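**Student:** how would this look folded up:
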Amino acid sequence: MTTIEGGPGPRADASWAARALWWHVYPLGFVGAQIRPADPDAHLAGPVEHRLGHLEAWLDHVVDLGLDGLLLGPVFASQTHGYDTVDHLRVDPRLGDEADLVRLVDAAHARGVRVVLDGVFNHVGRGHPAFRLVEEQGPGAPTAGLFRIDWTGWAAGQPVRADVFEGHGALVALDHDSPAVDDLVVEAMCHWLARGVDGWRLDAAYAVPPAFWARVLPRVRDRFPGAWFLGEVIHGDAQAIVRDSGIDTLTQYELWQGIWHAIADRNLYELAHAIGRHDDLLETFVPQTFVGNHDVTRIASAVGADRVPHALAVLLTVAGTPSLYAGDEYAWMGVKEQREGGDDAVRPRFPQRPPAPDDLDGTARRVLDVTRTLVGMRRRLPWLTTARTDVLHLDNTALVLRTGTGFGAVVTALNLGDEPVSLPAADARTTVAGDAHLESGVVHLPARGWAVLEA
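**Tutor:** Residues are numbered from 1 along each chain as shown. As a prediction, this is how the structure comes out:
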């Protein structure tokens, strides 16, 4: 195992983060914790299950992939799936305790791997002690100011009519105009940054007024100037959100959709359009890019395992801060469904340790090799983080992209068709990965082939 150079250490700002390459994990699923217990409070009062060592055993795999960041899903005490937090200062006992989390962070740092935690600061679980106190005491409760509640006509013993997140009754929205909520979030962020974590993913950041982040983040940065903040934004004016909030970067869902839709539907015009809009965002910030996460159907199920390399080729050659969703490097399957438990298939339990090469089938070995090769190229060419992309050739089933700066260029060629194609290779001189034959400025691809080339 080789420690990645340039890893955690003293730093004055979060400029380190834009070039980081992340492995995204949903911890509760990863360790095999029960997600929907019959008694959602039992595990909170029961014995601690020290399971985070299961994740620690995969850190060498993260380094072997060439990645230098661990983007964790929720790890704090909750009643069910982790996004219904009941204590931001306590590790979920299904995962372990504070010492377990600090040990994981230290083990990651020893390998040059940063760690970012998932902060659910738009809402809390209905079982949060602060909300239970409101249910017991009504508007006179000392914690009533944390929530947006309609007290009209309320009488003791009646249900409390609090705002909830997107219709989910178990997720009670916080009042982001309240100074008490500012203090709650600042305390939680600083508590874990003081214990070594490197930043925060801000869950459902699109549902929180940018002015809230603009108040909170400077207070945190005053104490931890190197902290990085990634906002989950599914829709909205991304550039305005970044400008008004002070968040470093946002999730790039439009590019994710453009990649998998274009490949699955054999409509590469959609991808070309998404890349054009993606480049526009670079005027304001470096987007966080992905082809899979804990909330969406896995890329292998979306496009077919044989076309996962096509998706990875785009992800790792266009600008952005890429993350790989754990298991996608093996082309694991999993379909998200709109029902209770519909996320389980994309949030599975992982083996105790990474599988040996001989235990992988041919598809998994191929995708794993492609992942390592493309991540290695990305690390070798850090200027790709902010480079603009031009479309050199486009039709429904064939596409050539050139991503370049004054430092160099990378050419990505895709063929989704069932016949070989010959496409312009621009100034590319060598093949980095894929199925190409490069000759006299032309890249020849087989049916359903792809290639990444370098100028």
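**Student:** helix or strand: which one has Pro309?
**Tutor:** Assigning secondary structure by DSSP states H and E places Pro309 in helix 308-315.
**Student:** now the angle from the next helix or strand after that helix to helix 308-315?
**Tutor:** In the C-terminal direction, the helix or strand that comes right after helix 308-315 (DSSP H and E) is strand 321-325. Counting by axes from the mean of the first three to the mean of the last three Cα atoms, to 10 degrees, strand 321-325 points 160 degrees away from the direction of helix 308-315.
**Student:** direction included, what does strand 321-325 pair up with?
**Tutor:** Using DSSP bridges, strand 321-325 pairs in its sheet with strand 22-25 (parallel), strand 288-290 (parallel).
**Student:** quick one: average pLDDT of that strand?
**Tutor:** Averaged over strand 321-325, pLDDT sits at 98.
**Student:** CA atoms of that strand as PDB?
**Tutor:** Once non-C-alpha atoms are left out, strand 321-325 reads as follows in PDB (Å, rounded to 0.1, in the frame of the first residue of the first chain):
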ATOM      1  CA  THR A 321     -14.200  17.200  -8.400                       C
ATOM      2  CA  PRO A 322     -15.200  13.600  -9.100                       C
ATOM      3  CA  SER A 323     -16.400  11.000  -6.700                       C
ATOM      4  CA  LEU A 324     -16.900   7.300  -7.200                       C
ATOM      5  CA  TYR A 325     -19.800   5.600  -5.400                       C
END
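**Student:** flag every buried residue along that strand.
**Tutor:** Within strand 321-325, the residues that qualify as buried are Thr321, Pro322, Ser323, Leu324, Tyr325, counting by 16 or more other Cβ atoms under 10 Å. C-beta coordinates here come from the backbone N, C-alpha and C atoms, glycine included.
**Student:** right, and the helix or strand after it?
**Tutor:** Toward the C-terminus, strand 321-325 is succeeded by helix 362-380 as the next helix or strand (DSSP H and E).
**Student:** what does that next one contact?
**Tutor:** Applying Cβ atoms under 8 Å, 6 or more residues apart in numbering, the set of residues contacting helix 362-380 from outside is 21, 64-67, 300, 305-306, 308-309, 312-313, 316-317, 322, 324, 328-331, 355, 357, 360, 384, 410, 432-433, 452, 454.
**Student:** and those, which are buried?
**Tutor:** Among these, those buried by neighbour count (16+ other Cβ under 10 Å) are 21, 64-67, 300, 305, 308-309, 312-313, 316-317, 322, 324, 328-331, 360, 384, 410, 432-433, 452, 454.
**Student:** state the mean pLDDT of the helix holding Pro309.
**Tutor:** Model confidence over helix 308-315, given as mean pLDDT, is 98.
**Student:** quick one, helices of the protein?
**Tutor:** If DSSP state H is used as the criterion, the helices of the chain fall at 27-30, 42-45, 52-56, 59-65, 98-110, 129-137, 179-193, 210-223, 238-245, 253-265, 268-281, 299-303, 308-315, 362-380.
**Student:** this completes my enquiry, with thanks.
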